[in-house]
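>>> Sharing a model that was predicted from the sequence below.
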Amino acid sequence: MRKSTLDELRNQMDDLDLQLIDLINQREVLLQKHEELRTERAEKVLERIACHSNGPIRKETLISLFKLLDQAVPASSRKLLVSRKSKLENTVVTVAGEEIGGAYPILVAGPCAVESEEQVDAAARAVKAQGLHFLRGGAFKPRTSPYDFQGLGEEGLCLLKQAGTRYGLSVISEIVDPRDLEMASGYLDVIQIGARNMQNFELLKEAGRIRKPILLKRGLSASIDEFIHAAEYIMVHGNDQIILCERGIRTYEKATRNTLDITAVPLLKQETHLPVLVDVTHSTGRKDLLVPAAKAALAIGADGVMAEVHPNPKQALSDASQQMNFTEFESFVSELEKSGLYKNNKV
Ligand code: PEP
Ligand code: MN
């Protein structure tokens with residue numbers, strides 16, 4: 001081949017290489033602006049290659065190339081969607097007109113588990129009487145022993161919703177199976193993902209696909225980084241209505257049920273733009289520590305506190321020793337109000 005033809009080909013190749021470099025960089029910039037596109041693109045690209053590429057590069061080779069491209073910038077150096085670096089302003093989750101993560105902290109209370117119509121009705125009445133807007137109650141209970149009360153399932157969700165409607169309260173309950181999310185959305189205002197399921201990635205992905213706020217609790221032994229990445233799973237799959245909840249972690253300390261990691265609150269508020277609650281019941285497991293733990297949570301910047309209350313804790317089918325009775329609950333709310341850290345909406 002003549003030297004001038006070769007030079008021409010070289011120039012053409014150089015040109016193509018430069019265009020390719022520019023294009024793949026542009027592609028990455030777009031993906032970094034909208035990380036949620038990354039997983040979606042990955043699937044679409046595979047389809048496209050299958051339909052549109054006529055060679056001579058083998059389809060398998062192209063697929064590997066695109067997979068490499070998607071991972072070309074390490075995930076650790078990309079901005080997470082839940083990160084403050086992606087969104088400076090706080091995310092406020094509004095449920096029936098009540099803001100979580102807004103100007104004022106909220107309280108969420110209710111029984112560990114929904115046990116009967118009478119029980120959940122009584123709890124809802126007590127929660128309403130203290131001026132709260134959020135009623136919790138488990139219907140699918142993740143219990144250590146398979147012989148323990150497992151919850152009433154869908155019937156429990158139905159009873160919770162009925163009680164919520166009766167007293168004008170928004171309702172929160174834990175869902176453990178991705179297949180139940182759609183059904184549960186018909187009953188619940190906020191769907192809880194519990195500590196034991198914080199890294200149930202299929203559940204997190206499905207929670208990303210539904211249009212309900214998600215209350216995500218920290219895993220039993222989850223680091224802050226793992227907690228943040230669990231929230232990222234939900235957001236990258238399309239749901240940005242996420243509330244984080246610190247609920248204590250496992251340590252060697254036996255004096256409390258778990259160790260309340262109080263600095264998780266400001267850390268999560270700094271690292272993410274999401275609202276952060278503290279569950280004082282499951283973190284301490286001790287009624288005598290509920291008030292100081294709740295005060296600490298609010299003082300350190302939590303957007304709210306969750307606690308368990310039951311009409312007759314001694315008879316409760318789960319967490320009998322740690323649920324407040326109504327008198328204790330009334331004094332819990334009034335202590336928080338007296339501290340000036342919480343404003344009661346009692347009418
Ligand atoms: C609950 O809130 O009902 C519960 C089971 O808590 P956790 O998932 O934090 O243990
Ligand atoms: Mn409980």
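Sure, I can see it. Ligands and ions are numbered 1, 2, ... in the order given.
>>> can you pull the contacts of the residue nearest to residue 221 when sequence neighbours are not counted?
Counting by Cβ to Cβ, 6 or more residues apart in numbering, residue 250 is the residue found nearest to residue 221 once chain neighbours are left out, at 5.0 Å. The way it works is simple: take the backbone N, C-alpha and C, and place the C-beta from them, glycine included. Residue 250 is in contact with 220, 221, 258, 259, counting by Cβ atoms under 8 Å, 6 or more residues apart in numbering.
>>> where are the low-confidence patches of the stretch 51-200 of the chain?
By pLDDT under 70, the stretch 51-200 of the chain has no low-scoring segment.
>>> At which residues are the strands of it located?
93-95, 98-100, 106-110, 134-136, 170-174, 190-193 (DSSP state E, counting those that start in this stretch).
>>> Within its sheet, name the partner strands of the fourth one and how each one runs.
Put plainly, it is strand 134-136. strand 106-110 (parallel), strand 170-174 (parallel) (DSSP bridges).
>>> Tell me which of the ones you listed sits nearest to residue 325.
Closest to residue 325 of these is strand 106-110 (Cβ to Cβ; 12.2 Å).
>>> who touches the closest one?
98-100, 120, 123-124, 127, 130, 132-137, 172, 277, 303-309, 329, 333, 336, 342.
>>> Can you select the buried ones among those residues for me in ChimeraX?
Buried residues within the contacts of strand 106-110, by 16 or more other Cβ atoms under 10 Å, are selected in ChimeraX with:
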select :98,100,120,123,124,127,130,132,133,134,135,136,137,172,277,303,304,305,306,307,308,309,329,333,336,342
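>>> Is ligand 2 within reach of the host helix or strand of residue 290?
If you go by DSSP states H and E, residue 290 is part of helix 290-299. No. Helix 290-299 is not in contact with ligand 2 by Cβ under 5 Å from the ion; minimum separation 12.9 Å.
>>> and the angle for the helix or strand just after that helix with strand 170-174?
Where DSSP H and E defines the elements, the next helix or strand beyond helix 290-299 is strand 304-308. Interaxial angle of strand 304-308 relative to strand 170-174 (axes from the mean of the first three to the mean of the last three Cα atoms, to 10 degrees): 70 degrees.
>>> ok and strand 304-308 relative to helix 290-299, angle-wise?
Going by the same axes, to 10 degrees, strand 304-308 makes 160 degrees with helix 290-299.
>>> Is any residue of strand 304-308 near ligand 1?
No. Figure legend: strand 304-308 not in contact with ligand 1 (Cβ under 6 Å from any ligand atom); closest approach 7.0 Å.
>>> And the residue of the stretch 1-150 of the chain closest to ligand 2?
residue 112 (3.2 Å; Cβ to the ion).
>>> Longest helix in this protein, by number of residues?
helix 3-33 (DSSP state H).
>>> circling back to that earlier point, dump the strands paired with strand 134-136 to a markdown table, plus distance to residue 29.
Converted to a markdown table, those look like this (distance: least, Cβ to Cβ, whole Å):
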| stretch | distance to residue 29 |
| --- | --- |
| strand 106-110 | 39 |
| strand 170-174 | 39 |
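>>> Need the winner for burial among these.
Highest mean neighbour count of these: strand 106-110, a mean of 26 (counted as mean count of other Cβ atoms under 10 Å).
>>> Quick check, central residue of this protein?
Geometric centre of the chain, nearest residue: residue 216, 2.8 Å, by Cα atoms, centre = their mean.
>>> send the alpha carbons of the host helix or strand of it over as CSV?
In the assignment (DSSP H and E), residue 216 maps to strand 214-217. Taking C-alpha atoms only, strand 214-217 is exported to CSV below (Å, rounded to 0.1, in the frame of the first residue of the first chain):
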residue,chain,number,x,y,z
ILE,A,214,-40.2,4.0,52.7
LEU,A,215,-39.1,4.0,56.3
LEU,A,216,-35.7,2.1,56.2
LYS,A,217,-34.3,0.9,59.5
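>>> does that strand come close to ligand 2?
No. Applying Cβ under 5 Å from the ion, one finds strand 214-217 separated from ligand 2 by no less than 11.1 Å.
>>> residues touching the residue nearest to the centre of the chain, list them.
By Cβ under 8 Å, 6+ apart, the contact set of residue 216 is 192, 193, 198, 227, 230, 231, 234, 242, 243, 244, 245.
>>> tell me the contacts of the fourth one?
Residues in contact with residue 227 (Cβ under 8 Å, 6+ apart) are 198, 216, 218, 219, 244, 264, 268.
>>> Close to ligand 1: what parts of the chain are there?
Counting by Cβ under 6 Å from any ligand atom, the residues of the chain that sit close to ligand 1 are 112, 138, 174, 194, 195, 196, 217, 247, 279, 282.
>>> Can you tell me which of the residues you listed are classed as buried?
112, 138, 174, 194, 195, 217, 247, 279, 282.
>>> now the closest residue to ligand 1 within the stretch 101-250 of the chain: how far from residue 282?
Among all residues of the stretch 101-250 of the chain, residue 194 sits closest to ligand 1, at 3.0 Å; criterion: Cβ to the nearest ligand atom. Distance of residue 194 to residue 282, computed by Cβ to Cβ, to the nearest Å: 9 Å.
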